[in-house]
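Peer 1: sequence? don't have it. structure:
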């Protein structure tokens, strides 16, 4: 596959030969363990961390979901031989890409498998799962997905405001400066890989917004400049690159990140929670992809009362209630935050949810003129 | 062509005889004494009501009608003037069986040209098989359908190697309705009423005007006789058009040929299907069939063992209706009540007879001819109150499990053949045996409802499947318990043929055309029990097949993915040839071991 890859985002020599050496050693070691078992006529095993909420722990000091101790074991049997073969083939692909200093997206890796005969994947979700397994397996050795040369295919969200991003020219590899204030009413798009970026800013905070619509309203009304902030559109649950980008902004620039999402269990338990502490399914990478400094600006259940939005709400659906109760019962992050428990209980008692756009009830620019300024006066009250 | 001992008995009593208790009302038919046969005119429709009444039911039925006629006339003419009844009486005249048939041909299975062809052949073949078996001859039957210049007419030839029929009887057997040896015999046989073949002849005559021709020979030392026959429909009498001796290569046997209005077809409810099914239920029969296009199909004999001859039995008191009882009292040779009960019924001991008389409050020495209708009714009631031994069941000769399997194998291509013959049971004093056969898998269509093949006394039943007790038995069995699909209240969907056979001295058909068996709880229960037993065996078979398929798949799995595992290891670790080979070998051993552990 390496030879066919004309996209060539990594044509130059490896950025980190030491790290690559470790990656190759890890792959070789895993393969050797399998080989040794076979030599002893014992069923070979592969061990993976269990990737689910039940196997994560939340430590407020660390600030993200940490993978627990639970391991699942894939023993080679007649039933598992196909997946076993696919796992080894993906490891082989990874090693090859490291050696050739190449990379592949999930989609590309899926197509590479089409050359594996009967072991090929039929649908991409199959290959995604096996790839996540491989990723999780090597996360035990401290090897990241990037080191395995699997890159996300989704690009990140839109960025606007007082930020200068320093990237490389893909042709000349010369550094180039991108001023995010100079996109007019458009926006800068976060690339799929953000590790090489550098930043410069005068902004005081970052506003991470759930919907493109709200992002657009703030952007076209010049809010970032007036409020001295950077606004980022997450468009639902933020992608890995968006989360990594935000993380790097907070780390490199020492900026707070405020989340501005819908007041419903999805906005809180999925979007905000994933942004802040990561997810159960990708627990092995949370330490790189979480944004522990994120705080929840709104919309909170209390906002519905404070801003008199009651008549702009919708009743909680059955799925909403289930999600809220599930968060209270099973999510280590919410369980450890009394403020969140209270917020969820308040929402369940009110039996309503409110979208960001509900603020429009008081006028199209109410969010800019009233809501955000009032909230930003006391960031200390933001939910953790 | 069963005619052994077929003499004309005084079957249908004539006018002058005393009348038994008239239990049933009747339509306005009169039986002006015109010979025995005629008074039987109402038989077909009467039987349509309750044909499980045994032999003499026609007698019982004919009586009240004539009785009412007379009393009706008498009663109406009290004042001596012309009454309505008088005017009606002028229009009332006898309907002969033959006339009745002309108008009601559907009752006997001649509804339309398509069905008529099948019924004609069916009646002829049934007769042939009954005759052969009774004579102890392995049946060899030839059926031929010949086209004629007219598209809507065909000639049918049915030839057998049976005992043959004596010359004098030929006209009566083939050209007279309700004549024969079977009606008065309680015994398991294909024909029951003596209507079939003459009805076919009459249908042919009615639709084409052509006579029926018969060749029959009763032995090597006898000449073969040829006759051409017509039926005098008004008088139900045979008319012999031609009669002569002829040359025939067969030593004994009978060959009939008739022309009739008919429509030929293949597939469901066709002659082809009827013959194929006959071959299933009669593995001892060889059938040669030449269709209208000249194509010959042969169903070879699957066994050379003739089924045992069923024994004739007397009616059991529990299965007798009051009208039938009255009829029996008239035809018996016994003079006194107790003697009659002992001699004319099965399982009636002197003590049982005494008990019946006691409960009915009638003297055991009462003369049968002097019994009033009320007394007969009392006797009938008494019979149901006395504890009487169940009838002997040795009068039933089932096909047998081996025979049924052999028969199915001859005609159906499947993986699994099962059959069960149940122990004899009784319904309303009639012994019966249920047999169920199942053919599963192979080339049978998997996505269609199962095919049901029904038999009564080895005769295929092709019509009225929905009305048949066997259909109910299958539908009310939960086949999902046996790993088959079954839509609600329907036949299961599976690659399967279910054969259901009911053998009985008296099969309770729902109609005269003998197309479906009535829903007697005893029969339904036996059928369901047997179907469930078949179901359990099928489920075992399905599980076994699935496991085998599963195992084969797993074996394929190893061959499919083992190379990929080794290849990936080689890519990562760059193995040398000996290591590669050893790894492949070991890996195969490991996977085989895990496969065996799972089975």
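Peer 2: Nice, I can see it. From a predicted model like this one, the values you see are computed outputs, not experimental measurements.

Peer 1: look up how far residue B:130 lies from the closest residue to residue B:237 other than its chain neighbours.
Peer 2: The shortest distance from residue B:237 to any residue other than its chain neighbours is 6.7 Å, reached at residue B:176 (Cβ to Cβ, 6 or more residues apart in numbering or on different chains). From N, CA and C alone the C-beta is placed, and that goes for glycine too. Taking Cβ to Cβ, to the nearest Å as the measure, residue B:176 and residue B:130 are separated by 18 Å.

Peer 1: report the longest helix in the chain, please.
Peer 2: Using chain A. Looking only at chain A and at elements set by DSSP state H, the helix with the highest residue count is helix A:17-39.

Peer 1: was after chain B, sorry
Peer 2: Counting residues, the longest helix in chain B under DSSP H turns out to be helix B:521-573.

Peer 1: does that one reach chain A?
Peer 2: Yes - when contact is scored as Cβ under 8 Å from any Cβ of the partner chain, part of helix B:521-573 falls within range of chain A: B:554, B:557-558, B:560-562, B:564-565, B:567-569, B:571-573.

Peer 1: and that helix, average pLDDT?
Peer 2: Helix B:521-573 comes out with an average pLDDT of 92.

Peer 1: just checking, what packs against it?
Peer 2: Secondary-structure packing of helix B:521-573 (3 or more Cβ pairs under 8 Å, 6 or more residues apart in numbering or on different chains; DSSP states H and E): helix A:17-39, helix A:81-99, strand B:416-421, strand B:425-427, strand B:430-440, helix B:469-475, strand B:496-504, helix B:577-598.

Peer 1: relative to residue A:225, which of these is closest?
Peer 2: Comparing those against residue A:225 with Cβ to Cβ, the closest turns out to be helix A:17-39 (39.9 Å).

Peer 1: my read is that residue B:398 contacts residue B:437, right?
Peer 2: No - in terms of Cβ atoms under 8 Å, residue B:398 does not count as a neighbour of residue B:437; the distance is 11.1 Å.

Peer 1: find residues that contact each of those two.
Peer 2: With contacts defined as Cβ atoms under 8 Å, 6 or more residues apart in numbering or on different chains, the residues adjacent to both residue B:398 and residue B:437 are residue B:501.

Peer 1: looking at the two, which is more packed in?
Peer 2: Between residue B:398 and residue B:437, counted using other Cβ atoms under 10 Å in any protein chain shown, residue B:437 has the larger neighbour count: 28 against 22.

Peer 1: burial of residue B:333, as a residue count?
Peer 2: Burial of residue B:333, expressed as a neighbour count using other Cβ under 10 Å, amounts to 8.

Peer 1: OK, contacts around it?
Peer 2: If you count contacts by Cβ under 8 Å, 6+ apart, residue B:333 has them with residue B:343.

Peer 1: measure it to chain A for me?
Peer 2: Going from residue B:333 to chain A by Cβ to the nearest Cβ, to the nearest Å gives 81 Å.

Peer 1: ok, for residue B:215, nearest residue in space, not its chain neighbours?
Peer 2: residue B:255 (4.5 Å).

Peer 1: swap that for residue A:276, sorry
Peer 2: Using Cβ to Cβ, 6+ apart and skipping the chain neighbours, the partner closest in space to residue A:276 is residue A:294 (4.5 Å).

Peer 1: quick one: residue A:222 from residue B:454, how far?
Peer 2: When Cβ to Cβ is the yardstick, residue A:222 and residue B:454 sit 88 Å from each other.

Peer 1: same question but for residue A:135, I mixed them up
Peer 2: To residue B:454, residue A:135 is 65 Å away according to Cβ to Cβ.

Peer 1: same thing with residue A:195?
Peer 2: Counting by Cβ to Cβ, the gap from residue A:195 to residue B:454 is 79 Å.

Peer 1: residue in the stretch 51-200 of chain B nearest to chain A?
Peer 2: Taking Cβ to the nearest Cβ, chain A has its nearest neighbour within the stretch 51-200 of chain B at residue B:114, 52.4 Å off.

Peer 1: that residue contacts residue B:262, doesn't it?
Peer 2: Yes - the pair residue B:114 and residue B:262 passes the contact test of Cβ under 8 Å, sitting 7.3 Å apart.

Peer 1: who has more neighbours, those two?
Peer 2: Set residue B:114 next to residue B:262 and count neighbours by other Cβ under 10 Å: residue B:262 wins out with 28 against 15.

Peer 1: show me the contacts for that one.
Peer 2: If a contact means Cβ under 8 Å, 6+ apart, then residue B:262 has B:113-114, B:116-117, B:120, B:152-154, B:156 as its contacts.

Peer 1: for chain A, what lies in contact range of chain B?
Peer 2: Along chain A, the residues adjacent to chain B under the rule Cβ under 8 Å from any Cβ are A:27-28, A:31-32, A:34-35, A:38-39, A:41-44, A:76-79, A:81-82, A:84-86, A:88-89, A:91-92, A:95-96, A:116-119.

Peer 1: now, of those residues, which are buried?
Peer 2: Burial by neighbour count, 16 or more other Cβ atoms under 10 Å in any protein chain shown: within the residues of chain A next to chain B this picks out A:27, A:31, A:34-35, A:38, A:43-44, A:76-78, A:81-82, A:84-86, A:88-89, A:91-92, A:95-96, A:116, A:119.

Peer 1: off-centre distance for the helix or strand hosting residue A:133?
Peer 2: Following DSSP states H and E, the helix or strand that holds residue A:133 is helix A:124-139. Going by Cα atoms, centre = their mean, to the nearest Å, the spacing between the C-alpha centre of helix A:124-139 and its chain's C-alpha centre is 16 Å.

Peer 1: neighbouring contacts of that helix?
Peer 2: Defining contact as Cβ under 8 Å, 6+ apart, one finds that helix A:124-139 is touched by A:23, A:26-27, A:30, A:46-49, A:51, A:67, A:74, A:83, A:86-87, A:90-91, A:94, A:106-107, A:109-110, A:113, A:121, A:145, A:147-148, A:150, A:281-285.

Peer 1: is it fair to say residue B:255 lies in a strand?
Peer 2: Yes - secondary structure assignment places residue B:255 in a strand (DSSP: H, G, I helix; E, B strand; the rest coil).

Peer 1: look up the residues forming beta bridges with it.
Peer 2: Listed by DSSP bridges, the beta-bridge partners for residue B:255 are residue B:159, residue B:215.

Peer 1: what about it, how many neighbours?
Peer 2: When counting by other Cβ under 10 Å, one arrives at 23 neighbours for residue B:255.

Peer 1: check the one 3 residues further on too.
Peer 2: By the other Cβ under 10 Å criterion, the neighbourhood of residue B:258 contains 26 residues.

Peer 1: of all the residues in chain A, which one is nearest chain B?
Peer 2: Per Cβ to the nearest Cβ, the residue of chain A with the smallest distance to chain B is residue A:88, at 3.5 Å.
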